[in-house]
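Trainee: based on what follows, work out the 3D shape:
(chains A, B, C and D)
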Number of protein chains: 2
Amino acid sequence: MATPLVTTRTSKGKQDPAPRGNSMNLVFHEIREMIVRGKLSPGTWIIEADLADRLGYSRTPVRGALHWLQREGYVMASGNGTKSRMTVAPLTKEDAQELYSIIGHIEGLGARLTAQLAPAKRNKLIRRLTELNEGLFDLAKARRRDPNRIFDLDMSFHSEIMEASAGPRLLELHKSTQPQAERYWRLYASAILDELGTSVEEHNEIIRAISNGEPDAAEKGIQLNWENGAERLSRVIDTIGERGSW
Amino acid sequence: MATPLVTTRTSKGKQDPAPRGNSMNLVFHEIREMIVRGKLSPGTWIIEADLADRLGYSRTPVRGALHWLQREGYVMASGNGTKSRMTVAPLTKEDAQELYSIIGHIEGLGARLTAQLAPAKRNKLIRRLTELNEGLFDLAKARRRDPNRIFDLDMSFHSEIMEASAGPRLLELHKSTQPQAERYWRLYASAILDELGTSVEEHNEIIRAISNGEPDAAEKGIQLNWENGAERLSRVIDTIGERGSW
DNA sequence: TCTCTTTTTATTGTATACAAACGTGAATCC
DNA sequence: GGATTCACGTTTGTATACAATAAAAAGAGA
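Mentor: Numbers count the residues shown, from 1 in each chain, chains lettered A, B, ... in the order given. Reported below is the predicted structural model:
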């Protein structure tokens, strides 16, 4: 009765988190992180085998993850048909504009729904949003600003609005779209931080609209926030230049 | 530009144009077609091996296609983590409502952009839209109405608006979202047809708004069209009952 | 007969092997 | 010397084999 006390899960590097089950998800997140943090710069040719080696998995989950990433817009299939090669999606001003516009509309729909929630739920949300926005406000005035913290707060602000009222489909859409804005964020964070105050004010207007139960205003408010975000980003890109859009 | 839409491929045989290259795409379309046409009814347990056998491919492309279909909402991964089982996504009234609302907003953004196009381009589009809508009008009055034809016309109408001005991201989003409405369409087509006239009128308003270059009105118009569509659909579901949402 | 344990089975996740396709470079022929 | 062809290497697409696991079935003990 040789009960294998410890199933020695050899090699594969990652012994701690959850190698059992689906490692494709892990690979997906790892690669996405690489792309978002810029370790895989835009335009890079992706070769499955290399990535697989580097991550310590086989090609199969890497391949799956890549398809996933493609569907979410992180990588592009260049050659069509027989010999499709994948590259990391480039970051361009046009793309940023379109992306932000889309997110604005998705969240706009969420904000609209949220503004129609029952007052009780709305109040609870409002408290949370105010709290988050005050955090942003404080950071905006602070001398040493931590981009990560700011990003987290801002992202939470928007996610909170969505989670309050969006259905599964809309939520899924949002969850798959928003992280892509993170790429632009990180790349140009330093320059965007200066205009944090403006964003805080826009947030206040959103809070007001939701609080008063004005769907139209809430939708418009969030759309404006993203529109202006794109605007700010565009200015920065113009001065710094597009990075890695060769 | 003709929309190929349905290429009734029943035999995966040898003589078909491109078994070479990516058969995953073929499998994807085949399975999606099965789901959309109801050959795989909602709630069905999907087993990769069976599907692979039935389609004459190996599990690998089937697996890839299934992940794709999952991302697009046709199938759901039920069991989480280790043993995720896939089922055909059910059709429910709530889902329809959410889906239609999302499409309405996506297309709303497209319509807004389209309404801001240069007059020359706009006029060309307007002619095409009018033509399509007149086709619908004729069909609405006809005695024997072909659901397929109606669906194609309606879908073309909406796609045309998007393709006129949407960027790659928005277009991709639309292309992956709209087909899901087809499931509801086909399931309840017979009952929806009666209200075709109303939809034609809504289309006319959209055309008017685009023609006059009124972004707000165009966006609202399309949103209304989808909202009312969901409304009509809901009524039908209420009387016929949800099919396969067990 | 009921319940607890053990074995079997069904099905997915992962790794690997193989084949096709495209690009590249060298060698040969005119 | 230039062009053409052929062979090879790199990389993806596909098939299959293997491992792991959850569910089901069978069996044993009370």
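
Trainee: where do the strands sit along chain A?
Mentor: Using DSSP state E, the strands of chain A run over A:45-46, A:75-77, A:86-88.

Trainee: most packed of those strands?
Mentor: Greatest average neighbour count among those goes to strand A:86-88 (a mean of 20), per mean count of other C-beta atoms under 10 Å in any protein chain shown. No exception for glycine: its C-beta is placed from N, CA and C like everyone else's.

Trainee: and that strand, is it in reach of DNA strand D?
Mentor: Yes: contact between strand A:86-88 and DNA strand D, assessed by C-beta under 7 Å from any atom of the strand, occurs at A:M86.

Trainee: strand partners of that strand, parallel vs antiparallel please.
Mentor: Strands adjacent to strand A:86-88 in the sheet, as given by DSSP bridges, are strand A:45-46 (antiparallel), strand A:75-77 (antiparallel).

Trainee: any part of the shortest one near DNA strand C?
Mentor: Okay, so that is strand A:45-46. No: using C-beta under 7 Å from any atom of the strand, strand A:45-46 stays clear of DNA strand C, coming no nearer than 11.9 Å.

Trainee: what does that strand contact?
Mentor: Under the contact criterion C-beta atoms under 8 Å, 6 or more residues apart in numbering or on different chains, strand A:45-46 has outside partners A:40, A:66, A:75, A:85-88.

Trainee: domain assignment for chain A?
Mentor: For chain A, the domain assignment from automatic domain parsing gives the residue ranges A:23-88, A:93-240.

Trainee: redo the strands of chain A as a markdown table? Include distance to A:Q223 and mean pLDDT.
Mentor: As requested, these are arranged in a markdown table below (distance: least, C-beta to C-beta, whole Å; pLDDT from 0 to 100):
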| stretch | distance to A:Q223 | mean pLDDT |
| --- | --- | --- |
| strand A:45-46 | 34 | 94 |
| strand A:75-77 | 27 | 92 |
| strand A:86-88 | 29 | 94 |
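
Trainee: out of those, flag the one nearest A:S176.
Mentor: The closest approach between A:S176 and any of the strands of chain A, judged by C-beta to C-beta, belongs to strand A:75-77 at 13.8 Å.

Trainee: grab the most central residue of chain A for me.
Mentor: A centroid search over chain A (C-alpha atoms, centre = their mean) returns A:P179, at 1.2 Å, as the residue closest to the centre.

Trainee: residue contacts, that residue?
Mentor: In this structure, A:P179 makes contact with A:32, A:36, A:72, judged by C-beta under 8 Å, 6+ apart.

Trainee: enumerate the residues of chain A near chain B.
Mentor: Residues of chain A lying close to chain B by C-beta under 8 Å from any C-beta of the partner chain are A:18, A:20-22, A:63-64, A:67-68, A:71-73, A:81-82, A:84, A:94-95, A:98-99, A:101-102, A:105-106, A:108-109, A:167-170, A:172-173, A:176.

Trainee: and those, which are buried?
Mentor: Buried residues within those, counting neighbours by 16 or more other C-beta atoms under 10 Å in any protein chain shown: A:22, A:63-64, A:67-68, A:71-73, A:95, A:98-99, A:101-102, A:105-106, A:108-109, A:167, A:169-170, A:173.

Trainee: using CSV, lay out the strands paired with strand A:86-88 together with distance to DNA strand D.
Mentor: Putting the strands paired with strand A:86-88 into CSV (distance: least, C-beta to the nearest atom of the strand, whole Å) gives the following:
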stretch, distance to DNA strand D
strand A:45-46, 6
strand A:75-77, 7
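
Trainee: now the contacts of strand A:45-46 in JSON lines, with distance to DNA strand C?
Mentor: What follows is those, written out as JSON lines (distance: C-beta to the nearest atom of the strand, whole Å):
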{"residue": "A:L40", "distance to DNA strand C": "20"}
{"residue": "A:L66", "distance to DNA strand C": "13"}
{"residue": "A:V75", "distance to DNA strand C": "19"}
{"residue": "A:R85", "distance to DNA strand C": "9"}
{"residue": "A:M86", "distance to DNA strand C": "14"}
{"residue": "A:T87", "distance to DNA strand C": "14"}
{"residue": "A:V88", "distance to DNA strand C": "19"}
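
Trainee: which of the contacts of A:P179 come close to DNA strand C?
Mentor: Counting by C-beta under 7 Å from any atom of the strand, no member of the contacts of A:P179 is near DNA strand C.

Trainee: closest one to A:L26 out of these, please.
Mentor: Comparing the contacts of A:P179 against A:L26 with C-beta to C-beta places A:R32 closest, at 10.7 Å.

Trainee: and the closest one, what is it in contact with?
Mentor: Contacts were defined as C-beta under 8 Å, 6+ apart; by that measure A:R32 touches A:69, A:74, A:179.

Trainee: against A:I237, how distant is the closest residue in space to the first one that isn't next to it in sequence?
Mentor: Right, A:L69. In this structure, A:L69 finds its nearest non-sequential neighbour in A:V75, 4.8 Å apart by C-beta to C-beta, 6 or more residues apart in numbering or on different chains. Taking C-beta to C-beta, to the nearest Å as the measure, A:V75 falls 21 Å from A:I237.
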